[in-house]
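Q: Whatever this is, show me its structure:
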Amino acid sequence: MKKLLLITFIFISKMAMANGIPIVNSQSSSNYTTSGCSISFYVDPNGAQTSISIQYNTTNTTAALSVGPQFVYGTALPGQAGQRNGTITGLQPNTTYYWRVLASNIYGANNVSSVLSF
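A: Residues are numbered from 1 along each chain as shown. Here you go, the predicted model:
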């Protein structure tokens, strides 16, 4: 059993390295209202199926963004690099929010964008 787990781990690790880490970039946020805010970002799955999540919070720390509210934006398949747009909803009025994009591929490699605010 241990040998099988080791072989599986080595195979998955090599696949992750061959396909690379997803590339992600926060680009803008606009139209902030009490009902939501439009966001724009870029994701390149870099060769592997990649899940995209938006993390946001009123505190700008890695810990707060990691455990704060988030929503799953969707999936990017190999060859589907490009600009994406979404809306963060359920926001409190007169509040500064911080957000970033988390991209995680099927091999366990992940990447986060820089943090933007609105």
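Q: Which helix or strand contains residue 63?
A: Assigned by DSSP states H and E, residue 63 belongs to helix 62-67.
Q: Which strands and helices lie in contact with that helix?
A: Packed against helix 62-67 by the contact rule (3 or more C-beta pairs under 8 Å, 6 or more residues apart in numbering; DSSP states H and E) you find strand 50-57, strand 98-105. (Each C-beta comes from the backbone N, C-alpha and C, glycine too.)
Q: mind redoing it with 10 Å?
A: Secondary-structure packing of helix 62-67 (3 or more C-beta pairs under 10 Å, 6 or more residues apart in numbering; DSSP states H and E): strand 50-57, strand 98-105, strand 110-112.
Q: out of those, which comes closest to residue 77?
A: Residue 77 lies closest to strand 50-57 among the helices and strands packed on helix 62-67, at 7.9 Å (C-beta to C-beta).
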